[in-house]
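Student: turn this into a structure:
(one chain, ligands or ions: 2)
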Amino acid sequence: MSAEQKIQSLRKELREHNHNYYVLDNPSISDYEFDIKLKELQKLEEEHPEFYDANSPTLRVGGEVTKNFETVVHEHRMYSLDNSYSKEDLLDWETRIKKQVDGDVQYTCELKYDGASMSLTYENGKLTKAVTRGDGFQGDNVTTNIKTIRSVPLQLKGDYPEKFHIRGEIVLPFDGFNKMNEERLAAGEEPYRNPRNTASGSLKLQDSAEVAKRPLECLLYSLIGDNLEITTQFEGLEKARSMGFKVPTVAKLANSIDDVLDFVEHWDIARHDLPYETDGVVIKVNSLFQQEELGYTAKAPRWAMAYKFKAEQVSTRLNEITYQVGRTGAITPVANLEPVELAGTTVKRASLHNSDQIEKLDIRVGDAVFVEKGGEIIPKIIAVDLSKRPENSQPTIYINQCPECYTELIRIEGEAKHYCPNYNGCNPQVVGRIQHFISRKAMDIEGLGGETVALLVNEGLINNYADLYELTAEQVMPLERMAEKSAENLVSGVAASKQIPFERVLFALGIRYVGETVAKKLAKHFKSIDVIAKASFEELVAADEIGDRIAESVIDFFASEDNQVIIDRLKLNGIQLELSEEQMANQTNTLNGNIFVVSGVFHSVSRAELKKLIEDNGGKVSSSISSKTNYVVAGDKMGPSKRVKAEGLNIPIITENDFLKML
Ligand code: AMP
Ligand code: ZN
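Tutor: Ligands and ions are numbered 1, 2, ... in the order given. Below you'll find the model as predicted:
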């Protein structure tokens with residue numbers, strides 16, 4: 001078999017596995033086997049750049065960066081849907097339809113997925129364009145990001161028209177959403193509010209490699225084009241499925257509005273078991289001929305109707321507002337409610353987010369409030385029932401002192417939350433920070449749990465994470481429920497964490513906005529904590545993916561004398577505060593100090609690998625060209641504005657081969 005044949009056959013095979021896994025939810029090989037094959041293909045493609053294919057399964061990991069998304073006019077307008085809320089609304093709609101079309105009317109019932117709508121264009125079986133809905137007339141070209149979503153076929157199978165569009169919804173399943181939020185919380189960041197906004201936000205990320213990491217899915221529901229060889233919406237769904245698209249199988253045909261209502265009633269309950277958010281049912285006249293007869297209003301098709309599920313809502317009493325202090329000192333007001341049943345769970349508390357939210361709702365203790373569980377995971381208070389407000393009610397005055405340590409709170413410009421600045425003396429901050437330090441993804445200290453940390457702090461045995469390394473079994477043993485064995489386990493678990501590599505130590509320190517990924521980048525770029533501690537703002541933001549906010553937070557952290565003392569003590573205790581020799585060995589100083597800008601598409605190495613090579617060899621990667629840039633490494637399709645700028649500043653533009661020779 002020639003290399004080309006081998007490449008083609010691997011691409012075909014991997015495409016098939018992707019389809020089984022991401023579209024049919026029915027994997028046919030193990031993840032491990034898949035990885036081996038993918039690596040094999042990657043290697044062959046590297047050796048044979050002449051067989052480059054922009055739709056190869058190897059490109060799912062992303063890497064291309066889009067600075068500004070191009071605006072694209074939709075070839076077919078993307079309309080809205082009219083909404084209905086009752087049987088009467090639907091019957092009125094049917095009456096209007098029957099006035100305009102002859103014969104029986106059948107309806108397709110589908111679920112209304114709550115995500116970001118998308119129009120995909122395919123030509124000769126290949127995905128050529130993915131555009132957001134925008135204002136319906138024009139949207140943003142987000143093709144590079146969409147290509148990373150595994151359930152979007154890059155190459156179709158079976159019979160397909162030469163050119164067509166397909167509409168669908170990009171959704172973020174609850175599981176993936178929750179996981180992303182766990183990571184954000186671990187990094188001391190505000191969690192995302194709901195899957196829908198997070199999904200649509202993801203599409204506008206500049207770095208497609210970041211999009212690739214998010215577990216987005218694409219559900220399709222409508223084919224558009226000529227020569228589709230279908231006569232009904234339902235056939236369209238089946239046809240799309242046969243070409244390899246992920247088309248939900250819940251769609252049903254209905255012969256009457258009563259049938260439609262059965263579907264609505266069923267899914268109003270059953271939707272809670274689905275992996276993603278739905279907010280209603282979309283009912284479409286099934287016959288495409290009848291659809292054409294009905295046409296469109298100024299904003300929506302006359303042949304389709306959304307039926308919105310009632311967001312589950314209950315009224316209950318606000319008993320008290322309490323305030324929580326997080327490990328970063330951020331204050332979160334919490335509504336303590338009279339317990340009430342909502343969407344199958346008992347709700348006792350709801351987040352009030354921040355003081356602005358409280359002011360906006362003018363919410364007061366004793367108020368009757370409406371609680372809703374919509375797209376959000378945590379129930380929220382949407383309104384106050386003023387008619388039931390007790391006469392003697394008093395406006396809520398937001399606290400100005402920390403509820404735990406009574407320090408005066410501060411509010412940073414541009415941030416919604418108040419903070420307790422008593423970094424080292426505020427119990428939940430001290431405990432929370434040490435709990436984060438020992439957690440699994442950080443120092444992963446065996447034999448020590450969150451409750452024991454709280455106990456150790458409250459008994460005055462530790463006050464920061466450096467203290468952990470000086471604890472003895474004798475000190476710990478007298479504690480409640482602490483046997484000799486467990487005291488020894490604790491001490492040996494702490495000692496074992498001295499092997500944890502630098503990047504995880506950096507994450508464990510709990511610097512605000514320094515999550516796992518950022519910690520890795522910082523470790524790699526600066527190589528030791530001493531260098532990070534001394535880095536200027538400019539030096540920090542010059543590192544890959546480090547923005548202003550992170551840089552400021554890193555500077556603040558190391559500016560604190562308390563933190564400096566703690567770090568010195570960690571150092572004395574032998575914690576890894578720099579890259580290991582092994583990690584260093586893969587790196588050289590060949591490119592020392594040179595700043596590179598990388599632009600375009602590369603063949604022998606991926607964009608991410610190229611950046612890694614630059615950084616591993618002492619160079620720096622910057623995202624925009626300035627007089628400080630030393631080289632621009634240009635691949636195919638380098639942005640024209642970048643070229644003009646580089647030429648204007650007389651900066652050498654080199655190819656990937658020129659670059660590889662430098663090493
Ligand atoms: P609206 O944004 O309320 O006007 O509703 C229209 C949007 O519903 C469309 O732009 C789609 O993004 C979305 N939608 C979700 N599921 C479906 C579906 N099965 N059929 C049509 N549109 C859908
Ligand atoms: Zn405090």
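Student: output the contacting helices and strands for the top strand by length along the chain.
Tutor: Criterion DSSP state E: the longest strand present in the chain is strand 312-325. The helices and strands touching strand 312-325, judged by 3 or more Cβ pairs under 8 Å, 6 or more residues apart in numbering; DSSP states H and E, are strand 331-342, strand 368-373, helix 427-438. To be clear about C-beta, it is placed using only N, CA and C from the backbone, and glycine gets the same treatment.
Student: in the lowest-mean-pLDDT helix or strand in the chain, which residues are buried?
Tutor: Ranking every helix and strand in the chain by mean pLDDT, DSSP states H and E puts helix 581-585 at the bottom, with a mean of 78. Neighbour counts over helix 581-585 (16 or more other Cβ atoms under 10 Å) mark Gln583 as buried.
Student: pull that helix out as CSV, backbone CA atoms only.
Tutor: In CSV, the C-alpha atoms belonging to helix 581-585 read as follows (Å, rounded to 0.1, in the frame of the first residue of the first chain):
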residue,chain,number,x,y,z
GLU,A,581,16.3,18.1,35.2
GLU,A,582,14.4,15.8,32.9
GLN,A,583,11.9,18.5,32.0
MET,A,584,14.8,20.9,31.4
ALA,A,585,16.7,18.3,29.2
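Student: show me what the following helix or strand past that helix packs onto, helices and strands only.
Tutor: Later in the chain than helix 581-585, the nearest helix or strand by DSSP states H and E is strand 595-599. Judged by 3+ Cβ pairs under 8 Å, 6+ apart, strand 595-599 is in contact with helix 607-616, strand 620-622, strand 631-634, helix 640-648.
Student: single out the most deeply packed of those.
Tutor: strand 631-634 (a mean of 23; mean count of other Cβ atoms under 10 Å).
Student: rewinding a little: just put the helices and strands packed on strand 312-325 in CSV and tack on mean pLDDT and distance to Lys360.
Tutor: Below are the helices and strands packed on strand 312-325 laid out as CSV (pLDDT from 0 to 100; distance: least, Cβ to Cβ, whole Å):
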stretch, mean pLDDT, distance to Lys360
strand 331-342, 92, 12
strand 368-373, 89, 13
helix 427-438, 96, 26
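Student: so which of those gets nearest ligand 1?
Tutor: Nearest to ligand 1, of all those, is strand 368-373, at 17.6 Å by Cβ to the nearest ligand atom.
Student: pairing partners for the closest one, with directions?
Tutor: Next to strand 368-373 in the sheet, as set by DSSP bridges, lie strand 312-325 (antiparallel), strand 380-384 (antiparallel).
Student: could you pull out the buried residues of that strand?
Tutor: 368-369, 371-373.
Student: repeat for stretch 405-415
Tutor: Those would be 405, 407, 409, for stretch 405-415 by 16+ other Cβ under 10 Å.
Student: tabulate the strands paired with strand 368-373 (TSV), appending distance to ligand 2.
Tutor: Listed next are these as TSV, based on distance: least, Cβ to the ion, whole Å:
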stretch	distance to ligand 2
strand 312-325	6
strand 380-384	25
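Student: please identify which of these is closest to His266.
Tutor: strand 312-325 (16.3 Å; Cβ to Cβ).
Student: for the closest one, which outside residues touch it?
Tutor: The list of residues contacting strand 312-325 from outside it, by Cβ atoms under 8 Å, 6 or more residues apart in numbering, reads 331-343, 347, 352, 358, 363-373, 381-382, 385, 396, 399, 402-404, 420, 426, 428-429.
Student: just checking, Thr95 is part of a helix?
Tutor: Yes: secondary structure assignment places Thr95 in a helix (DSSP: H, G, I helix; E, B strand; the rest coil).
Student: now do stretch 153-173: distance to the chain's middle.
Tutor: Computed by Cα atoms, centre = their mean, to the nearest Å, the chain-centroid distance of stretch 153-173 equals 23 Å.
Student: C-alpha coordinates for that stretch, CSV please?
Tutor: Output of stretch 153-173 as CSV, limited to C-alpha atoms (Å, rounded to 0.1, in the frame of the first residue of the first chain):
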residue,chain,number,x,y,z
PRO,A,153,-18.8,15.4,10.2
LEU,A,154,-15.9,16.9,8.1
GLN,A,155,-16.5,14.4,5.4
LEU,A,156,-20.0,13.0,4.7
LYS,A,157,-20.9,9.4,3.9
GLY,A,158,-23.5,7.8,1.7
ASP,A,159,-25.4,9.9,-0.9
TYR,A,160,-25.2,13.6,-0.6
PRO,A,161,-26.2,16.6,-2.7
GLU,A,162,-23.3,18.5,-4.3
LYS,A,163,-24.0,21.6,-2.2
PHE,A,164,-26.4,22.2,0.7
HIS,A,165,-26.7,23.8,4.1
ILE,A,166,-27.7,22.2,7.3
ARG,A,167,-28.9,24.0,10.4
GLY,A,168,-28.4,22.9,13.9
GLU,A,169,-27.7,23.8,17.5
ILE,A,170,-24.3,23.7,19.3
VAL,A,171,-25.0,22.4,22.8
LEU,A,172,-22.9,21.8,25.8
PRO,A,173,-24.1,18.7,27.8
